[in-house]
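*Asks:* Here is my input, please return the structure:
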Amino acid sequence: MGQRTGGTEERRRRAAIRGAFDTAAAALGSQLDPEQRTAADHLAELGAGGGSGVYLHGPVGRGKTWLADVLLSQLPDGSSTRLHAYDAARQLHRGIARRSGGRGGLDAAIDDVVGGAGVLLLDELHAHDPGDVMLLSRFLRALPPRGVRLVATSNHSPEELLPDPRRHHLVLPLVTALRETCAVVAVSGPVDHRTLGHGGARPGWSSGAWLVPGSATQLVAVGLVEPAPGDRVVLQVGSRPLRALGHDAHDGGAAHLHFDDLCDAPTSTGDALELAERYRTLVLAGVPALSTVGEQARRRFADLVDVCWDRDVRLVVRSATTPVEALDAVVRDRERLVSRLSLLRRCAPSR
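*Replies:* Purely as a prediction, here's the structure:
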């Protein structure tokens, strides 16, 4: 009898979570498409206590993060943790460093990241840094023994992560870990829901702007002031100095940075994360057509966009070129960047 009661309760929870997806879609004036329905069924199974982890992948705007967030909203308080994949890697690196490395250091760092959660959402799993890739593969393998199930979102299937043939072998342990611990579900319907206004409320990001050519007058039009030469400062970000054109540290103000100092220099995604935690507005001046800079500079710019989007930080870009022209050289993840940057206010020079 007890076992049947448990089965009944699991079915009730599964049905309630499925209903929550329909309710959330209806609130947006929409309904689940077939691939979203399949993903919702897997997530409802997980949320009801059954099934495995779930890895959602597909193009931008198909509702992957939205689906995962609806699931988390149906779980008991304190039973889940939501992290951007970049942030998870940073926390693991820091946790290991605090304990001077070693296997025990990794285990303790994983415990710190997971806490008491039974479900971990790892949003936007994009493998670009080989060190992060190897660390995340060990991290994911450590979740099931701790009773933690993974929900992950990505624009790429597991096999498409870190596609560079010179380094792809490094991601194979992560691919295996994902396949062994998760149901891999494609969410790649024909509609980009962001074009229908279903991109989610991101007031900070949506208040940002792409300014061409990025004049002082245009800055004033978006409520900012051009830093004076005497405002230049060196910020301490992580363990390194970072030159800034100026900043206002009061009440999470703005930091004015130059592309050459933040993107065309050996900074890390962790630096972008720290800036996004410290300031509510980031102004990036001197953004060129990315075809004129190296691959790492392009990657750092893309990471900055992703971090600001995830943290809902206002990004103001000062550039001599439009977003489409600036991104001409970005092949990997270009669709995601264009989709996000399309939501920024455009300020072109008056004629």
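
*Asks:* quick one, phi psi at the residue lying closest to residue 312 once chain neighbours are set aside?
*Replies:* Using C-beta to C-beta, 6 or more residues apart in numbering and skipping the chain neighbours, the partner closest in space to residue 312 is residue 204 (4.0 Å). Where C-beta positions appear, they are placed from N, C-alpha and C, glycine not excepted. In terms of degrees, to the nearest 10, the main-chain angles of residue 204 are phi -70, psi -50.

*Asks:* Can you give me the distance of residue 204 to residue 72?
*Replies:* Going from residue 204 to residue 72 by C-beta to C-beta, to the nearest Å gives 21 Å.

*Asks:* for the record, mean pLDDT for the host helix or strand of residue 22?
*Replies:* Per DSSP states H and E, residue 22 falls inside helix 2-27. Throughout helix 2-27, pLDDT has a mean value of 84.

*Asks:* Which helix or strand lies directly C-terminal to it?
*Replies:* Remark: after helix 2-27, the chain's next helix or strand is helix 34-47, criterion DSSP H and E.

*Asks:* Can you name every helix or strand that that next one contacts?
*Replies:* Judged by 3 or more C-beta pairs under 8 Å, 6 or more residues apart in numbering; DSSP states H and E, the packing partners of helix 34-47 are helix 2-27, strand 53-57, helix 64-73, strand 149-154, strand 182-186.

*Asks:* Of all the ones you listed, which one is nearest residue 45?
*Replies:* Residue 45 lies closest, by C-beta to C-beta, to one member of the helices and strands packed on helix 34-47: helix 2-27, at 6.3 Å.

*Asks:* name the helices or strands packed onto the closest one?
*Replies:* helix 34-47, helix 64-73.

*Asks:* can you redo those helices as TSV with mean pLDDT?
*Replies:* Shown next, in TSV, are the helices and strands packed on helix 2-27 (pLDDT from 0 to 100):
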stretch	mean pLDDT
helix 34-47	96
helix 64-73	96
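
*Asks:* got JSON lines for these, with mean neighbour count too?
*Replies:* As requested, the helices and strands packed on helix 2-27 are exported to JSON lines (neighbours: other C-beta atoms under 10 Å):
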{"stretch": "helix 34-47", "mean neighbour count": "21"}
{"stretch": "helix 64-73", "mean neighbour count": "20"}
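
*Asks:* Distance to residue 117 added to these, as CSV?
*Replies:* Formatted as CSV, the helices and strands packed on helix 2-27 follow (distance: least, C-beta to C-beta, whole Å):
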stretch, distance to residue 117
helix 34-47, 13
helix 64-73, 10
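
*Asks:* about what we covered before: can you pull the buried residues of the helix holding residue 22?
*Replies:* For helix 2-27, burial by neighbour count (16 or more other C-beta atoms under 10 Å) applies to 13-14, 17-18, 20-21, 24-25.

*Asks:* Tell me which stretches of the stretch 101-250 of the chain form strands.
*Replies:* 119-123, 149-154, 182-186, 209-211, 233-237, 240-244, 246-247 (DSSP state E, counting those that start in this stretch).

*Asks:* partner strands of the fourth one, parallel or antiparallel?
*Replies:* Within its sheet, and counting by DSSP bridges, strand 209-211 is paired with strand 314-319 (parallel), strand 345-347 (parallel).

*Asks:* Find the nearest non-adjacent residue to residue 110, please.
*Replies:* Of all residues not flanking residue 110 in the chain, residue 142 sits nearest, at 5.1 Å (C-beta to C-beta, 6+ apart).

*Asks:* Contact partners for the one you found?
*Replies:* Contacts for residue 142 (C-beta atoms under 8 Å, 6 or more residues apart in numbering) come out as 106-107, 110.
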